[in-house]
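1. Compute the structure for the input listed below.
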Amino acid sequence: MAAPILSYEGLSLHQGSGWLFSDLDLTIGDRDRLALIGRNGAGKTTLLKLIAGKIEADKGTRSQRPGLNIVMLEQDPFFTGFDTLMDFALSGPDAPPRHEVESIAGQLGIDMDRPAESASGGERRRAALARALAQDPHLLLLDEPTNHLDLAAIDWLESWLNRFKGAFVVISHDRTFLTRLTRSTWWIERTILRRKDVGFGGYEAWEDEVFAEEARVAAKMDAQLKIEAHWLARGVTARRKRNQGRLAKLYEMRAQRAAMLSPQGIAKMQLASDGVKTKSVITADKVSKWFGDRPIIKDFSLRIQRGDRIGIVGSNGAGKTTLLKLLTGELEPDEGKITLAKTLSGVMIDQQRSLLSPEKKLRDVLAEGGDWVDVRGVRKHVQGYLKDFLFDPDLVDARVGTLSGGERSRLLLAREFARFSNLLVLDEPTNDLDLETLDLLQEVIADYDGTVLIVSHDRDFLDRTVTVTLGLDGSGKVDIVAGGYADWQKQRQKPTAAPVKAAKSAEPAPAAAPSKPQKAKLTYKDQRDYELLPARVEELSAQIARDEALLADPALYTRDPARFAALTKAIDTARAEKDAAEERWLELAELVEG
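-> Got it, this is the predicted structure:
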């Protein structure tokens, strides 16, 4: 085995009133692709800074290969004091060559002459990426690299990292990104660092195994306090089991929506007439919006009903925010009409964590200093509500300023979800959230009894939450697809259907009232397939992710060509079975729903 390029023995770091890390041993090989996983506040970013040499450990021995070039992409790079993005990229003693920065910036589509002060979050993130990648690192440390990037930039970064000859460690909430790129996992949990040579595709199964073993040990010891310390772990495991049922419900909702789409699948959505007046919350009728001579939204018609979960996707600048503002009434269309239900009461959750006063206590933020929170009409004790959002209840009197960025985002979610509303608007809600909080957010969205609008670049999150995806390509056209991000991608890859003869009226009104459909009686086999296929789809997805993580090893083909061929065949077989299972379930769902 080749010698590691960097290692720590007995790494310990004291923070606040206790040890953040204690006696950690870690090694990094020259081609490692490591996912760094852990709850917000567990110390992921701090560990990257220790590896980068930006902070010193209190204890431990560090060894590294002479001449090792370590580059860290920080989550929030410091742009103050720089006139342009290029000035930022060329700053510091280890500044990269200008031509390298320009080359990468060109591929990322970023103008490095943009003033740094007025640059958007996405532009700053691309500039920081250009600076980091142009430094020719041997070890690349990436802290939430996909934050603020659009889908095209994420695809480009994935491709670059797949070709990268060095090692990298990445912190990310983007499950798809992690699954495609990583081959080993570091997991920080309660000051302990565990490593398993399996990519993120196999992480959740590993995590469940560890928690199950700890629960068995705790039960044998009859140590109630130790069992109580696992409330979060048990909650995560239980949540995953509950989400199997929610996934089946989501598939069912998507099947209902698929039946409402027009024949070409992209023009507009028709709703059944039963109760449509009370169910419709937002109606867009032939809406267009222009910025100068450029069409942002063109001839868009859609009726959104109560309970819909709408995802909005597209590249930066394609018009996602414009469409969101149109649908919520914040922006008036140039043509057409937007009608909002009179009873609509919305809450918008965006990246406002900086507005939380660092001096306030968590009790102040949630309960105005008291002991009780009014959660959409239901009274809950503030400590119990904190626990619902994965906080230690004892933190009720902690200051906001002591929380990590991800914890502040989670606190903001807790505050906003408590407010009464029947429309929830989420603008890039997954930024800075850990994976457990993302699971919680998916659960809360699934249980929310109102309508949800989500703008996000997180592909996995969209696949797990939305019933309808609105896809923008920048030309003004809006694709309307029943399902999540993956369904939109499939729709885009299909050959264009033959034009369908237009109806006399383009009104987004419901179709004429049909007679009430009779639900089909399923055979025993049909009923079993209907009940079991969602779990099988999840199982196949996990299998594909695990095999793809193994196949990502660039040395595998040379080392073991038979294994490479077997994995390739297994992935193709599993994908075919998954596609068939999804199609079969959708057919059965249509029968069940009449």
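2. Would you mind listing where this protein has pLDDT under the threshold?
-> For the chain, the stretches flagged by pLDDT under 70 are 1, 217-245, 257, 259-278, 350-355, 494-521, 554, 586, 589-594.
3. tell me the domain ranges of it?
-> Domains of the chain are assigned by automatic domain parsing as 6-208, 246-345+421-497, 350-417, 524-592.
4. Helices of the stretch 251-400 of the chain, residue ranges please.
-> For the stretch 251-400 of the chain, applying DSSP state H, counting those that start in this stretch gives helices covering 276-279, 320-327, 362-367, 382-388.
5. closest to Val101 out of these?
-> helix 320-327 (28.2 Å; C-beta to C-beta). No exception for glycine: its C-beta is placed from N, CA and C like everyone else's.
6. That closest one packs against which elements?
-> Secondary structure elements in contact with helix 320-327, counted by 3 or more C-beta pairs under 8 Å, 6 or more residues apart in numbering; DSSP states H and E, are strand 280-291, strand 294-305, strand 309-313, strand 423-427, strand 451-455, strand 468-472.
7. Put the alpha carbons of it into PDB.
-> Extracted C-alpha coordinates of helix 320-327, given in PDB (Å, rounded to 0.1, in the frame of the first residue of the first chain):
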ATOM      1  CA  LYS A 320     -36.500  30.800 -11.900                       C
ATOM      2  CA  THR A 321     -36.800  33.700  -9.500                       C
ATOM      3  CA  THR A 322     -38.900  35.600 -12.000                       C
ATOM      4  CA  LEU A 323     -41.300  32.700 -12.300                       C
ATOM      5  CA  LEU A 324     -41.400  32.300  -8.500                       C
ATOM      6  CA  LYS A 325     -42.300  36.000  -8.100                       C
ATOM      7  CA  LEU A 326     -44.900  35.800 -10.800                       C
ATOM      8  CA  LEU A 327     -46.600  32.800  -9.100                       C
END
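8. who's the nearest residue to Gly314 once chain neighbours are set aside bridged to?
-> In space, Gly314 comes closest to Leu472 once its chain neighbours are excluded; the distance is 3.4 Å by C-beta to C-beta, 6 or more residues apart in numbering. Assessed by DSSP bridges, Leu472 has beta-bridge partners Val478.
9. Can you give me the neighbour number for Leu472?
-> Leu472: 22 surrounding residues under other C-beta atoms under 10 Å.
10. wait, it sits on Ala318?
-> Yes. Between Leu472 and Ala318 a contact is recorded at 4.1 Å, counting by C-beta atoms under 8 Å.
11. check contacts around the residue nearest to Gly314.
-> For Leu472, the contact set (C-beta atoms under 8 Å, 6 or more residues apart in numbering) comprises 297, 312-315, 318-320, 323, 478-479.
12. do you know how far it is from Gly317?
-> As defined by C-beta to C-beta, to the nearest Å, Leu472 lies at a distance of 10 Å from Gly317.
13. Then Arg575?
-> From Arg575 to Gly317 the distance is 33 Å (C-beta to C-beta).
14. do Asp579 as well
-> From Asp579 over to Gly317 the distance is 33 Å, taken as C-beta to C-beta.
15. Give me the more crowded residue out of the two.
-> Gly317 (16 against 13).
16. Please name the nearest non-neighbouring residue to the more buried one.
-> Distances taken as C-beta to C-beta, 6+ apart put Gly474 closest to Gly317, at 6.7 Å, once the chain neighbours are dropped.
17. Was I right to think the one you found contacts Lys320?
-> No. When contacts are counted by C-beta under 8 Å, Gly474 is not listed as touching Lys320 (10.2 Å).
18. quick one: contacts of stretch 360-369?
-> Counting by C-beta under 8 Å, 6+ apart, 356, 370-371, 373, 382, 385-386, 391, 395-400, 411, 414-415, 418 sit against stretch 360-369.
19. please redo it, this time with the cut-off set to 6 Å
-> If you take C-beta atoms under 6 Å, 6 or more residues apart in numbering as the criterion, stretch 360-369 is touched by 373, 382, 395-398, 400, 415.
20. What's the local residue count around Ala52?
-> Neighbours of Ala52 (other C-beta under 10 Å): 16.
21. The nearest residue to Gly401 once chain neighbours are set aside and Arg194, how far apart?
-> Once flanking residues are discounted, Gly401 sits nearest to Pro358: 3.1 Å by C-beta to C-beta, 6+ apart. Applying C-beta to C-beta, the value for Pro358 to Arg194 is 32 Å.
22. Neighbour count for these two, which is higher?
-> Arg194 (14 against 11).
23. Where does the more buried one sit, in terms of helix or strand?
-> Element membership for Arg194 (DSSP states H and E) is strand 192-196.
24. hmm, back to that, okay, Gly474 and Lys320: which has more neighbours?
-> Taking neighbours as other C-beta under 10 Å, Gly474 and Lys320 compare with Lys320 leading, 23 against 14.
25. wait, the more buried one sits on Val455?
-> Yes. Applying C-beta atoms under 6 Å as the test, Lys320 and Val455 come out as touching, 5.1 Å apart.
26. Please identify every residue contacting each of the two.
-> Counting by C-beta under 6 Å, 6+ apart, the shared contacts of Lys320 and Val455 are Ile312.
27. Quick check: closest non-adjacent residue to Phe564.
-> Per C-beta to C-beta, 6+ apart, closest to Phe564 is Tyr557, 4.5 Å.
28. how many neighbours does that neighbour have?
-> 13.
29. Check Trp206 too.
-> 15.
30. Asp299 versus that one, what's the distance?
-> From Trp206 to Asp299 the distance is 49 Å (C-beta to C-beta).
31. Ok, Gln383 next?
-> Gln383 is 52 Å from Asp299, by C-beta to C-beta.
32. Neighbour count: these two, which is higher?
-> Using other C-beta under 10 Å as the criterion, Gln383 and Asp299 rank with Gln383 on top: 19 against 16.
33. Tell me how far the spatially most central residue of the chain lies from Arg464.
-> Centroid-nearest residue in the chain: Asp458, 3.8 Å away (criterion: C-alpha atoms, centre = their mean). As judged by C-beta to C-beta, Asp458 and Arg464 stand 9 Å apart.
34. just Thr402 next, same as before
-> From Thr402 to Arg464 the distance is 31 Å (C-beta to C-beta).
35. Looking at the two, which has the bigger crowd around it?
-> Shown here are Thr402 and Arg464; by other C-beta under 10 Å, Arg464 has more neighbours (21 against 12).
36. Surely that one and Ile445 touch.
-> No. Assessed by C-beta under 6 Å, Arg464 is found out of contact with Ile445, at 9.0 Å.
37. Which of the contacts of Leu472 sits closest to Leu567?
-> Val313 (30.2 Å).
38. what's Pro77 in contact with, if anything?
-> Ala128 are the contacts of Pro77 under C-beta under 6 Å, 6+ apart.
39. re earlier: in the helix or strand just after the strand holding Arg194, what counts as buried?
-> Using DSSP H and E, the helix or strand that follows strand 192-196 towards the C-terminus is helix 203-221. Residues of helix 203-221 classed as buried by neighbour count (16 or more other C-beta atoms under 10 Å): 203-204, 207, 211, 214-215, 218.
40. Check the offset of helix 203-221 from the chain's centre.
-> The chain centroid and the centroid of helix 203-221 are separated by 26 Å, computed with C-alpha atoms, centre = their mean, to the nearest Å.
41. ditto for stretch 393-407
-> Distance, stretch centre to chain centre, for stretch 393-407: 23 Å (C-alpha atoms, centre = their mean).
42. How about stretch 283-301?
-> 28 Å.
43. wait, Arg410 sits on Leu438?
-> No. The criterion here is C-beta under 6 Å, and Arg410 misses it with Leu438 at 10.2 Å.
44. Name the residues of the lengthiest helix in the chain that are buried.
-> In the chain, taking DSSP state H as the definition, the longest helix is helix 561-592. For helix 561-592, the neighbour count (16+ other C-beta under 10 Å) marks 564, 567, 570-571, 574, 578, 581-582, 584-586, 588-589 as buried.
45. now swap in stretch 305-319 and tell me
-> 305-306, 308-319.
46. which residues touch that stretch?
-> Residues outside stretch 305-319 that contact it (C-beta under 6 Å, 6+ apart) are 122, 150, 152, 279-281, 296-297, 320, 323, 451-455, 462, 465-472, 474.
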